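Novice: This is a predicted model, with the sequence first.
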Amino acid sequence: MIPLSVTDALNRPVTGLQKKNFRIFEGSEEQQVLHLSFEDTPLAVGVVFDTSGSMAKKMPKSRAAVAEFFQTANPEDEFFLVEFNNTAQISHSFTSEPGEIQSQLAFTKPKGKTALLDAVALGLREIKKSAKPRKALVIFSDGGDNRSRYTTGEVRNMVAESDALIYAMGIFEGGPGRLSAEEIAGPDLLKELAERTGGKMYPVDNLKDLPGIAGRIGAELHSRYILGYMPANLQRDGKYHKVRVKVERPEGMLPVQVDSRSGYRAPVQ
């Protein structure tokens, strides 16, 4: 099952596509699309929130962005909160009341360094506990990592084995010469983690744009297609198999952007 989003040039979700409009490739081999759905099913979302010292001036807008993201929630959705600086911790377990997480964030004080990879790893472990059919992590951070015990490779493998989407808001406000070491390294790390799952990293160059981007992510999470196929040559080799999805646009439709998982790790048995 491959979750994917289709958006237009203005990043608006494109709906109404049919199974015949999609082609899927595993490696270079085209596969048969067996299933396509477009449903706003309940979500489990882990909010992964950066509370390191570099976020001090960005904290008010980041809290506002979380509030805007929750405006797109459905009553059946559930959420948990991971906060991270020198370490990563579950600050609030699963709840269907977003206000509880907002209250928790109201007392957060930024300090310390950035254990981003540890936070993502913790979020991926925690979200497995949910029975919701769709899962996602939404990261609020200026990116980079200077404290984690997990390596990029280890987290990359965890992402490949998870069915959770990752979206990120990369908060990189600051002119040339004003960026921290974390911010310099941040875009590439956040972009890689998000795109491997079929999600996106939205760079935020101006803090006033942060709430609007958060609302866009929330809307996109509730506007995704689910495409299903059975590999023609299913190999239980434990290896990572690359997957690519293309859209055959109906006549008259303008170009679209497709974001989907880049692959899956096959089982060993």
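Specialist: Yep, it's here.
Novice: Tell me, how many residues neighbour the residue lying closest to Phe84 once chain neighbours are set aside?
Specialist: Nearest non-adjacent residue to Phe84, counting by CB to CB, 6 or more residues apart in numbering: Ala119, 3.7 Å away. From N, CA and C alone the C-beta is placed, and that goes for glycine too. A total of 30 residues lie near Ala119 under the criterion other CB atoms under 10 Å.
Novice: helix, strand or coil for Arg125?
Specialist: Classification of Arg125 by DSSP: H, G, I helix; E, B strand; the rest coil places it in helix.
Novice: Are we agreed that Ile213 is in a helix?
Specialist: Yes: Ile213 sits within a helix when classified using three-state DSSP.
Novice: wouldn't it be in contact with Val204 here?
Specialist: Yes: Ile213 lies in contact with Val204 (CB atoms under 8 Å); the separation is 6.1 Å.
Novice: Could you pull out the residues contacting both of the two?
Specialist: The contact sets of Ile213 and Val204 overlap at Met169 (CB atoms under 8 Å, 6 or more residues apart in numbering).
Novice: Make sure the residue nearest to Phe84 is indeed in a strand.
Specialist: No: checked against three-state DSSP, Ala119 lies outside a strand; its state is helix.
Novice: Next one: it from Leu81, what distance?
Specialist: For Ala119, the distance to Leu81 (CB to CB, to the nearest Å) stands at 11 Å.
Novice: quick one, what contacts the spatially most central residue of the chain?
Specialist: Closest to where the C-alpha atoms of the chain average out (CA atoms, centre = their mean) is Ile166, at 1.6 Å. Ile166 makes contact with Val120, Ala136, Leu137, Val138, Ile139, Val159, Leu193, Ala194, Arg196, Thr197, Gly199 under the criterion CB under 8 Å, 6+ apart.
Novice: so which helix or strand takes in it?
Specialist: strand 165-171 (DSSP states H and E).
Novice: Quick check: neighbours of that strand in the sheet, parallel or antiparallel?
Specialist: Next to strand 165-171 in the sheet, as set by DSSP bridges, lie strand 134-141 (parallel), strand 201-204 (parallel).
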